[in-house]
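S.K.: Quick one, structure for this:
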Amino acid sequence: MHFVTTEDVDLAQQYGITEFPALVLFRNGEALVYKGNLKDEQKVLGWLTDEDTLEIPNKIEEVNERMLERLLNVSSNLVVFFYDDADKYSRKILVELENIDDECDDVGIDFVKISDEGAAGRHDLKDLPVLVFYSNRFPQIYEGDLLNEEALLEWLLDSKDRGPSSVIEEVDGAMLQSLTENFEYLVVYFYDDNCPTCETVLAELETIDDETDEAGIQFVKTGDVKAAQQLGITHLPALVYFEAGVPSIYDGDITAEENVLAWLIQQKHEDTIENINRQLLYSLIDSQDYLAVYFFNDENEECAKVLKTLEKIDDDASDFGVHLVKMNDRLMAKKYGFRNPPGLVYFRKGKHIKYEGE
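M.R.: Numbering: from 1, shown residues only. Here you go, the predicted structure:
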């Protein structure tokens, strides 16, 4: 959207403007005159960015990355066509897509296009053009023929009507990285195709998928063993909860799905300290300027009492830029001076200080 000014009164009169100042939005050549108070900049901005204002009949709306992010936050069903404006094949596809734009709108599917190559990259989309259907921000890439509008429309309608699924969605490593960055609350089930128990565990976890959806926690699975290894996970299956991109590893019985569900809801709604392993510890020491690590032992009652105290100050520590995590690892505790946990170690730009107080 380009903003310009003019003092050409004759030009203004061509659009029926007789009082000044006046604001006109040209939408694909059509003039829309703003009727509100020009001194209220928030209302002007709201009008300029409103979907009804921007929508061009029989045309798919072009958005920028900021507008796309806003739509992802407010639209439950959003179709995005990522394309290269200079590509003839992309423009040919657009002609076909505009034939189904109105049908999508009629059933509550928002349809937009974006030619920002950087936006595609940030959504881990390497090859353009590509069409993605976002259901509550969760992406599904269309693998069919983009020139076949009837098949595409059928796929979109099926994707929307399918609604929340009791089957946990499969993702690869690249998509997982994108999801941890874009979802506030995400739980990931890591499995291995060669694991004899992974399928059985998955079947149990799929019984709580609907409940996690209702709680606002996105549940996905991945067989990308390398992605698990990057988190220091060596034994599969495993479950990891991400909040604002920060991982917390579930160390309970993964086959007890009701306990898993209770833990996930607790993680989201209470001030809990993330549980990490050695690989994550080394990564956090390198990446965090200020890090506090609480070493504990599940079998020690004092550890549980201390943990409850620390959870009361977790938010305060975060406000001061200190990342507080916990770790149930006796060898690592011993390495940092605690033969018998509990113990607290503070890392400041990689250098550790042992807390000697009570």
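S.K.: Mind giving me the packing neighbours of the lengthiest helix in the chain?
M.R.: Once the chain is assigned using DSSP state H, the helix that runs over the most residues is helix 301-319. Counting contacts by 3 or more C-beta pairs under 8 Å, 6 or more residues apart in numbering; DSSP states H and E, the secondary-structure elements packed against helix 301-319 are strand 290-295, strand 323-327. Backbone N, C-alpha and C define where each C-beta goes, glycine included.
S.K.: how about it as PDB, C-alpha atoms only?
M.R.: Extracted in PDB, the C-alpha atoms of helix 301-319 (Å, rounded to 0.1, in the frame of the first residue of the first chain):
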ATOM      1  CA  GLU A 301      11.300 -35.000  49.500                       C
ATOM      2  CA  GLU A 302      13.300 -31.800  50.100                       C
ATOM      3  CA  CYS A 303      13.900 -31.400  46.400                       C
ATOM      4  CA  ALA A 304      10.100 -31.200  45.800                       C
ATOM      5  CA  LYS A 305       9.700 -28.600  48.500                       C
ATOM      6  CA  VAL A 306      12.600 -26.500  47.100                       C
ATOM      7  CA  LEU A 307      11.100 -26.800  43.600                       C
ATOM      8  CA  LYS A 308       7.800 -25.300  44.700                       C
ATOM      9  CA  THR A 309       9.700 -22.400  46.200                       C
ATOM     10  CA  LEU A 310      11.600 -21.800  43.000                       C
ATOM     11  CA  GLU A 311       8.500 -22.000  40.800                       C
ATOM     12  CA  LYS A 312       7.200 -18.900  42.800                       C
ATOM     13  CA  ILE A 313      10.100 -16.800  41.600                       C
ATOM     14  CA  ASP A 314      10.400 -18.200  38.000                       C
ATOM     15  CA  ASP A 315       8.500 -15.300  36.400                       C
ATOM     16  CA  ASP A 316      10.400 -12.800  38.400                       C
ATOM     17  CA  ALA A 317      13.700 -14.300  37.300                       C
ATOM     18  CA  SER A 318      12.500 -14.200  33.700                       C
ATOM     19  CA  ASP A 319      11.700 -10.500  34.100                       C
END
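S.K.: can you list the helices and strands packed on helix 301-319 in CSV and add mean neighbour count and distance to I273?
M.R.: Listed next are those as CSV, based on neighbours: other C-beta atoms under 10 Å; distance: least, C-beta to C-beta, whole Å:
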stretch, mean neighbour count, distance to I273
strand 290-295, 21, 7
strand 323-327, 21, 5
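S.K.: So for Y336, which of the ones you listed sits nearest?
M.R.: Y336 lies closest, by C-beta to C-beta, to one member of the helices and strands packed on helix 301-319: strand 290-295, at 7.1 Å.
S.K.: who does that closest one pair up with?
M.R.: strand 323-327 (parallel), strand 343-348 (antiparallel) (DSSP bridges).
S.K.: got CSV for the ones you listed, with distance to A256 and mean pLDDT too?
M.R.: What follows is those, written out as CSV (distance: least, C-beta to C-beta, whole Å; pLDDT from 0 to 100):
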stretch, distance to A256, mean pLDDT
strand 323-327, 21, 91
strand 343-348, 29, 94
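S.K.: Domain boundaries for the protein, per the record?
M.R.: Each structural domain of the chain that the record assigns through automatic domain parsing is listed here as a residue range: 9-54, 61-162, 169-270, 279-354.
S.K.: Dump these to a markdown table, plus distance to F3.
M.R.: What follows is the domains of the chain, written out as a markdown table (distance: least, C-beta to C-beta, whole Å):
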| stretch | distance to F3 |
| --- | --- |
| domain 9-54 | 9 |
| domain 61-162 | 14 |
| domain 169-270 | 30 |
| domain 279-354 | 38 |
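S.K.: Quick one: closest of the strands paired with strand 290-295 to N73.
M.R.: Comparing the strands paired with strand 290-295 by their distance to N73 (C-beta to C-beta), the top pick is strand 323-327, with 26.0 Å.
S.K.: Report the next helix or strand after the closest one in sequence order.
M.R.: Past strand 323-327, further along toward the C-terminus, the next helix or strand under DSSP states H and E is helix 330-335.
S.K.: Would you mark the buried spots in that following helix?
M.R.: Going by neighbour count (16 or more other C-beta atoms under 10 Å), the buried part of helix 330-335 is M332, A333.
S.K.: would a markdown table of the helices and strands packed on helix 301-319 with distance to P341 be doable?
M.R.: Rendered in a markdown table, the data for the helices and strands packed on helix 301-319 read as follows (distance: least, C-beta to C-beta, whole Å):
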| stretch | distance to P341 |
| --- | --- |
| strand 290-295 | 5 |
| strand 323-327 | 9 |
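S.K.: Out of these, flag the one nearest Y83.
M.R.: For those, the distance to Y83 is smallest for strand 323-327, at 39.7 Å, taking C-beta to C-beta.
S.K.: Tell me which residues are up against that closest one.
M.R.: Strand 323-327 is contacted from outside by 246, 273-277, 280-281, 284, 288, 290-296, 307, 310, 313-314, 317-318, 333, using C-beta atoms under 8 Å, 6 or more residues apart in numbering.
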